[in-house]
Each structure stands twice: as structure tokens, then as C-alpha cells.
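Student: Kindly return the folded structure for what I paste below:
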Amino acid sequence: MLIKVLGAAAGGGFPQWNCNGRMSARVRKGEPGLKPRTQSSLTVSSNGRDWVLLNASPDLRQQINDTPELWPVADGPLRNSPIRAVVLTNGDVDHIIGLINLREGQPFSLYASDRVMATVNANTVFNVLNPEKVSRITLEMEQPTPLSGAGADIGLTVEAFDVPGKVALYLEDASKGQSFGTEKGDTIGLKVTDTANGKSFFYIPGCAAVDAALAERLDGADLVMFDGTLYTDDEMVVQGLMPKTGARMGHISMSGTDGSIAAFDSLDVARKIFVHINNSNPALDDNSPERKAVEEAGWEVGYDGMEVRL
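Tutor: Next comes the predicted model:
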């Protein structure tokens, strides 16, 4: 199984188009140790021919152009694509808007939880995905689902499971109190398994906390690709970028006693990679003390084009 990081940044990318914050300004200057990153998405294949997208970022067209494995087959029909399916983990803008890049009458399958699929179905802009060619399939929680698309045997299954999180920003309902109307299915994680060799990994780009159920699920994993949005909960407030903490946005921080590094410390996970990393996060700097702390804790910081084989 081959996994490729198409985009490792959180919403807005790195640098963000309108951000003159410290980190975005430095990467624009080309400072050593800082690499630009597009918005959050992965692609995975069991056979090197048929590919599945895990989330569809606003930068998807660029990401496809930067990834030869996702190009049309040169000796194939005039219109063709190796992308057989797309699986969504939540309804955040940075994970669903890229679907409109796949609108040219190309057959594939779209998978999502009932809550996220309802959001897609309610927005008529996504009808540009021809319903006669793009199957919309609701994932059953805690059930391995064989992936298929365009008549291809993809050789992968996904098992979706609820993780602590929050409803997408544009769907928040302030009248519902601190939950903002969040329900199960708004944020899910995925266990992706190669049916040929039985190898699997976990993809959780959005998560508010590592509770006991999630810790038990991940213990013993070969690979976890996990929410790395912020290094500290209040970093965007401190940097003057916005008045929201990570907890308010539904994202666990890397550091701190309640952070992901501490939560994973007692878990047996062979490889841990942060993805969905916000442009404010100092761990994006290869030479920062925060990056050093992340790496000393056994984590890697994802980047566009990163490859993992299982």
C-alpha cells in the first residue's frame, strides 16, 4: 500500500493567501527550514493504478498536477483518471470544496458519514458531480467498507469511526450552546486496510481529544496520521491572527498535558505523522525548538509529496 500526502497544511494552506503572520511571512521569503504546503488531503493505493482520495482540498487541482500517479493514463481514453473514490472525514471547507475539481463527468464513488453526506446533498453546487456517474455512499460506522469506483477492484477497505470533534464552522448553531450543534458523524477517523497484505493505517486529520476509546483503538497501530493543527492551544490568539483557541475550533494541540504528544506517549504506535498543520504552528519550521520537541517525542511533521509504504 502506497500513501502519498497531497497536502499537509490546515485550512488556508501555508502560506495562507491573506496572512502576513510571522510564519506565513517567513515562508514567503523562502527562509531555510520552511516549506510551503497545500491544504489537507491524502491519496492511497494498494496496486499503484487505482487511487483513493482521503478528503478533497480546495487545492486539489494543483495537487493532482503535482502528482503523476493521479494523471490520466497516457495511452487511455481522451478523458480518464486513476482516481476511483473519495472518502471524506468531515464537512470542513478544506476537506470538501475540492470535489468541484472532479466535475468533468468522470465516474468515481464518494463516501462520507451520514452527517457529512447530508451536507453535501443539501448544497446544490455539488450537483456538478453528475449523479449518474458519481455514486454517493454513506459509511456505516465501525464497519469495514470495501471501496469501489468506476468498476475497479480497488483492494482497500475503510472503517469509519467517530472521534471527538466539532461541526464545521459554517454549520455552527450558537443556539445549541457550547456544542454548536455537533453530533456524531460530524468528525470521523478512518482505518484504511490493504486487503492484499492486511496492512492498515489510521487517518485522523481532525480531532478534539484522545479519549479512552480512541487510545484503545490506536494502540498497536503501524501508522497514525493525526491532527497537527496547532502546537499550543492559544497560538493563534497570541500571534494576533484570530480570537479562537484550538479547543474552540475542535482541534487538539500537539503540546501540553492534554495534547496529542502526551496522549500518544503511552501508546504503542510504530509511526506517527502530523498532518493538517496550521500556518501558525511553529513546528512547521524545521529548525525550531517546537520541531525538535515533536521529533524527540517520536513524531514526524508531514509535508506535501511525503510517501509512506506499508
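Student: What segments of the stretch 101-250 of the chain are helices?
Tutor: Ranges of helices within the stretch 101-250 of the chain are 114-122, 212-218, 235-238, 246-249, based on DSSP state H, counting those that start in this stretch.
Student: wait, residue 41 sits on residue 7?
Tutor: Yes - between residue 41 and residue 7 a contact is recorded at 4.7 Å, counting by C-beta atoms under 8 Å. C-beta: built from backbone N, CA, C; applies to glycine.
Student: Quick check: neighbours shared by those two?
Tutor: Shared contacts of residue 41 and residue 7 (C-beta atoms under 8 Å, 6 or more residues apart in numbering): 57, 59, 63.
Student: Can you tell me which of the residues you listed has the most neighbours?
Tutor: Greatest neighbour count in these, by other C-beta atoms under 10 Å, goes to residue 57: 30 neighbours.
Student: Contact partners for that one?
Tutor: 6-7, 38-41, 63, 94-95, 97-98.
Student: Those residues into a markdown table, with extra columns for pLDDT and secondary structure?
Tutor: Shown next, in a markdown table, are the contacts of residue 57 (pLDDT from 0 to 100; DSSP: H, G, I helix; E, B strand; the rest coil):
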| residue | pLDDT | secondary structure |
| --- | --- | --- |
| 6 | 98 | strand |
| 7 | 98 | strand |
| 38 | 98 | coil |
| 39 | 98 | strand |
| 40 | 97 | coil |
| 41 | 98 | strand |
| 63 | 98 | helix |
| 94 | 95 | helix |
| 95 | 97 | helix |
| 97 | 97 | helix |
| 98 | 98 | helix |
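Student: for the chain, what helix or strand is lowest in average pLDDT?
Tutor: Ranked by mean pLDDT, DSSP states H and E, the weakest helix or strand in the chain is helix 246-249, scoring a mean of 91.
Student: ok, and what's touching it?
Tutor: By C-beta under 8 Å, 6+ apart, helix 246-249 touches 166, 169, 208, 229-230, 232-236, 252-253.
Student: Show me how to select, in PyMOL, the buried members of those residues.
Tutor: Listed next is the PyMOL selection for buried residues among those, using 16 or more other C-beta atoms under 10 Å:
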select buried, resi 166+208+229+230+232+233+235+236+252+253
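Student: between the contacts of helix 246-249, which is nearest residue 2?
Tutor: Comparing these against residue 2 with C-beta to C-beta places residue 229 closest, at 25.6 Å.
Student: Name the nearest residue to the closest one, ignoring sequence neighbours.
Tutor: residue 251 (4.0 Å; C-beta to C-beta, 6 or more residues apart in numbering).
Student: Report the separation between that neighbour and residue 46.
Tutor: Here the criterion is C-beta to C-beta, to the nearest Å. By it, residue 251 lies 30 Å from residue 46.
Student: Could you do residue 73 as well?
Tutor: Applying C-beta to C-beta to residue 73 and residue 46 gives a distance of 17 Å.
Student: So for residue 37, what's the pLDDT?
Tutor: Per-residue pLDDT puts residue 37 at 98.
Student: got the contact list for it?
Tutor: Residue 37 makes contact with 7-9, 13-14, 277, 284, 303-304, according to C-beta under 8 Å, 6+ apart.
Student: Residues contacting stretch 23-32, please?
Tutor: 14-16, 34-36, 279-282, 284-287.
Student: Just give me the longest strand of this protein.
Tutor: strand 152-162 (DSSP state E).
Student: OK, contacts around the residue nearest to the spatial centre of the chain?
Tutor: In the chain, the centroid-proximal residue (C-alpha atoms, centre = their mean) is residue 205; its distance is 4.2 Å. Residue 205 makes contact with 40, 55, 89, 95, 225-227, 275-276 under the criterion C-beta under 8 Å, 6+ apart.
Student: can you rerun that using 6 Å?
Tutor: For residue 205, the contacting residues are 40, 89, 227, 275-276, by C-beta atoms under 6 Å, 6 or more residues apart in numbering.
Student: rewinding a little: same drill for residue 73 and residue 46, tell me which one is more crowded.
Tutor: residue 46 (24 against 10).
Student: Correct me if wrong: the more buried one contacts residue 195.
Tutor: No - here residue 46 lies out of contact with residue 195, judged by C-beta atoms under 6 Å, at a distance of 7.1 Å.
Student: Which residue lies closest in space to residue 39, excluding its sequence neighbours?
Tutor: Closest residue to residue 39 apart from its sequence neighbours, by C-beta to C-beta, 6+ apart: residue 57 at 3.8 Å.
Student: What strand or helix carries the one you found?
Tutor: For residue 57, there is no helix or strand it lies in under DSSP states H and E.
Student: if I look at it, how far off is residue 5?
Tutor: 11 Å.
Student: cool, residue 14 as well?
Tutor: Computed as C-beta to C-beta, the residue 14 to residue 5 distance reads 13 Å.
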